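Engineer: Mind folding the following:
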Amino acid sequence: VSSQPPPRNMEVSTAADRLGSMREQLVSRSLAAYVIPTDDPHQSEYVAPAFDRREYLSGFTGSAGTALVTVNEALLWTDGRYFAQAANELDPEYWTLMKDRLPETVSIEDWLCKTLKSGDRVGVDPYVLGNDVAKVWRDKMSKVGVCLVMVEDNLVDLVWGQDRPPLPTEPVFHHPLQFSGCSVREKIDMCRGELHAAAATCLVLSALDEVAWTLNVRGSDIPFNPVVISYVVVHAVSGAVHWYIDEGKVPHQVLKAVNEEAAPYKVTLRPYGALLADVRLAVDSGGTRVLLPTTSSLALHEAVPEPQKIAKRSPVSLWKAVKNPAELEGMRQAHLRDAVALINYFVYLEEVLKVSKTLITEAAGANKLLQFRQELKDFVCPSFATISSSGANGAIIHYKPPEVGSKGISIDEMYLLDSGGQFRDGTTDVTRTMHLGTPTDHERRCFTHVLQSHIALDTCVFPAGITGYQLDAVVRGPMWKAGLDYRHGTGHGVGAFLNVHEGPHGMSLMRKSCDEFGLQSGMTLSNEPGYYEEGGFGIRHENILVVRKVDTPNQFGGVQYLGFEHITFVPFQKSMLVVPLMSPSEIEWVNNYHQECLEKVSPLLVGNESALEWLTAATAPIEIN
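Structural biologist: Just a heads-up that it's a prediction; the model follows:
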């Protein structure tokens, strides 16, 4: 699996040239504006380099954001995770940063409605705009006479020209039953059951993690995400599956393994670019009713007439989110092994900074951690670009240190490390914050309040049906009491050797989509409250949780109650805690958690005396006077 995208550099003159060329394209097509989403044709959060159009045009490298270019202006919307990063990367001479989800910031569609005049046309590539988003935009814009126009040729590609990276060609590999826990045949049966219930004849899957999950395959088409660029169509009556993919990427043995798991059903390859034509041919022949996920591209939805379309959330998204026993056990084991790499890194870091007093940069630290992970069984690649951030860089929520010229990690500053790995049996994501020198009282208090919020979620018990949107306020409570908060969600789903960010569930007060699905036993969720002072420091404490059933003394209304099992076992820095601020139950939680870390991880450190010594000291109980 690819772990690093190729480097991107944006010179000032290039920014002007690219915007100038874009505006020539707008004028030639009589467009008042053109929208450049982050998405690829599969509405992926992270995209292959060939689809890094928004980054190419704007220079902004974050994973979330939408650019808008008019004849006179260039604007970029992104959320609170990226405000500081976007401010650093966008050239203010050419670009305006729109801080999305703040009360004073208008949405893209509202900006277009207020700025453009009746009769103006807004262009977009229909393959990279989700139909659900397009519907909202069209409804609003039509009220003021502004038209959303599908432009088949992506205008950024025309500007990019021959310098645009090619589509990836790395081969697909099989994800065997020992890890997947569910055969392709069983998954096809689930799809057929959904199709029969909806009175549909076929299901189109376009999300790359859903394709990989359904066929029990993995790939390396997107950095950090083990997916392959392709579509799947499942037919209700026959159970036949058409896999739309560059056929040269599917080794014979992989297709054979997939079909052995799918039997008696048959998985057949089709050219990647043939999907739309095949869908149009099927609906034109009559009698076809297509189940299309609402989040699929505008291009796909436009290919199916409304009477023959059933638009709803993909059923696969929820099946994939609720892990089976094999996937859960794989996730547990991956996190235990991952703890070894992190502990080895922290031992190394303390040795370098406090004993040898040698300079190590943020990027060098991230690379050293990667070396420790590469020593682990079944490690494939990082699950995202490591956030190794010292001091003020910790306040850049999704900071990535540059390979050349990154800052040195200092014992006089807070150090935030957010990293993860892709393993054959699971995906990890863990954040720890530390100070290896003398922190200020303010830093320690903030550190403590963030951990109190972390504990609040870890120990929460709630009735089934409660959503992450509702629980988010429970987590923030301890921080709100101290007048602290953060501009990102508290948690996201995590794939099983799939995308590190996985829906449809999540935990955020800022995303109403997190209120659509109640948490269910078997779901995974990150627990990552944080606090950030721009120009000062950042703090985040992150574990991965599994939603589990909880036995309660009562079950009001006959409802099952749920809680969490943490599967990350890396100690928190005890010396950063202001213990008098903590309740006895919070101190007890820390002591119990650290005892678990010692018991579960120490067997993996046999023969590694320095790491075992570090772990033993880090997990010694806090004494309550």
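Engineer: What is the end-to-end distance of stretch 542-562?
Structural biologist: Stretch 542-562 has its terminal residues 20 Å apart, counting by CA to CA, to the nearest Å.
Engineer: How far off centre is that stretch?
Structural biologist: 26 Å (CA atoms, centre = their mean, to the nearest Å).
Engineer: next one: stretch 335-344
Structural biologist: 21 Å.
Engineer: can you list contacts of that stretch?
Structural biologist: With contacts defined as CB atoms under 8 Å, 6 or more residues apart in numbering, stretch 335-344 is touched by 369, 372-373, 375-379, 417, 419-421, 423, 426, 428, 430, 432, 544, 567-570, 597, 600-601, 604-605, 608, 611, 614-615. Using the backbone N, CA and C atoms, a C-beta is placed for each residue, glycine as well.
Engineer: do stretch 250-263 as well
Structural biologist: Counting by CB under 8 Å, 6+ apart, 171-174, 176-177, 183-185, 188, 215-217, 241, 243, 266-267, 269 sit against stretch 250-263.
Engineer: re earlier: report the buried members of the contacts of stretch 335-344.
Structural biologist: 369, 372-373, 376, 378-379, 417, 419-421, 423, 426, 428, 430, 432, 544, 567-570, 597, 601, 604-605, 608, 611, 614-615 (16 or more other CB atoms under 10 Å).
Engineer: before we move on, back to that, among the contacts of stretch 335-344, name the ones in helices.
Structural biologist: Under the assignment DSSP state H, the contacts of stretch 335-344 contribute 369, 372, 373, 597, 600, 601, 611, 614, 615 to helices.
Engineer: how about the third one, what does it touch?
Structural biologist: It refers to residue 373. Taking CB under 8 Å, 6+ apart, one finds 338, 341, 379, 382, 421 in contact with residue 373.
Engineer: Now tabulate those residues in CSV and tack on distance to residue 60.
Structural biologist: Formatted as CSV, the contacts of residue 373 follow (distance: CB to CB, whole Å):
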residue, distance to residue 60
338, 30
341, 31
379, 30
382, 21
421, 26
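Engineer: need those residues in TSV with pLDDT, can you?
Structural biologist: Shown next, in TSV, are the contacts of residue 373 (pLDDT from 0 to 100):
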residue	pLDDT
338	98
341	98
379	98
382	98
421	98
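Engineer: coming back round to it: ok, the ones in helices among the contacts of stretch 335-344 vs residue 396, which is closest?
Structural biologist: residue 369 (18.5 Å; CB to CB).
Engineer: Distance of the nearest residue to that closest one once chain neighbours are set aside relative to residue 417?
Structural biologist: What sits nearest to residue 369 in space, not counting adjacent residues and going by CB to CB, 6 or more residues apart in numbering, is residue 345, at 4.6 Å. With distances taken as CB to CB, to the nearest Å, residue 345 is found 8 Å from residue 417.
Engineer: intersection of neighbour lists for the two?
Structural biologist: Counting by CB under 8 Å, 6+ apart, the residues touching both residue 345 and residue 417 are 365, 369.
Engineer: helices and strands around the helix or strand that contains residue 19, which ones?
Structural biologist: Using DSSP states H and E, the element containing residue 19 is helix 12-28. Judged by 3 or more CB pairs under 8 Å, 6 or more residues apart in numbering; DSSP states H and E, the packing partners of helix 12-28 are strand 33-36, helix 53-58, strand 66-70, helix 155-160.
Engineer: I'd like those as TSV, with mean pLDDT, mean neighbour count and distance to residue 96 appended.
Structural biologist: Below are those laid out as TSV (pLDDT from 0 to 100; neighbours: other CB atoms under 10 Å; distance: least, CB to CB, whole Å):
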stretch	mean pLDDT	mean neighbour count	distance to residue 96
strand 33-36	98	25	13
helix 53-58	95	24	11
strand 66-70	97	23	9
helix 155-160	95	19	18
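Engineer: hey, which strand is longest across this protein?
Structural biologist: strand 543-550 (DSSP state E).
Engineer: buried set for stretch 294-313?
Structural biologist: Quick answer for stretch 294-313 (16+ other CB under 10 Å): 295, 296, 297, 298, 299, 300, 301, 303, 304, 308, 309, 311.
Engineer: Just those: which are in strands?
Structural biologist: 309, 311.
Engineer: farthest pair in the buried residues of stretch 294-313?
Structural biologist: The distance between the two most remote of the buried residues of stretch 294-313 (CB to CB) is 19.1 Å, for 295 and 308.
Engineer: about what we covered before: just the CA coordinates for the longest strand of the chain, please, in PDB.
Structural biologist: Written as PDB, here are the backbone C-alpha positions of strand 543-550 (Å, rounded to 0.1, in the frame of the first residue of the first chain):
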ATOM      1  CA  ASN A 543      -7.700   5.900  21.900                       C
ATOM      2  CA  ILE A 544      -9.800   3.600  19.700                       C
ATOM      3  CA  LEU A 545     -12.900   2.300  21.300                       C
ATOM      4  CA  VAL A 546     -15.200  -0.600  20.400                       C
ATOM      5  CA  VAL A 547     -18.900  -0.200  21.200                       C
ATOM      6  CA  ARG A 548     -20.100  -3.100  23.300                       C
ATOM      7  CA  LYS A 549     -23.200  -4.200  25.200                       C
ATOM      8  CA  VAL A 550     -23.200  -3.400  28.900                       C
END
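Engineer: tell me the mean pLDDT over that strand?
Structural biologist: Averaging pLDDT along strand 543-550 gives 98.
Engineer: do the same with stretch 287-300
Structural biologist: 95.
Engineer: Closest to residue 33 out of the contacts of residue 373?
Structural biologist: Set against residue 33, the nearest of the contacts of residue 373 by CB to CB is residue 382 (36.7 Å).
Engineer: All set, thanks.
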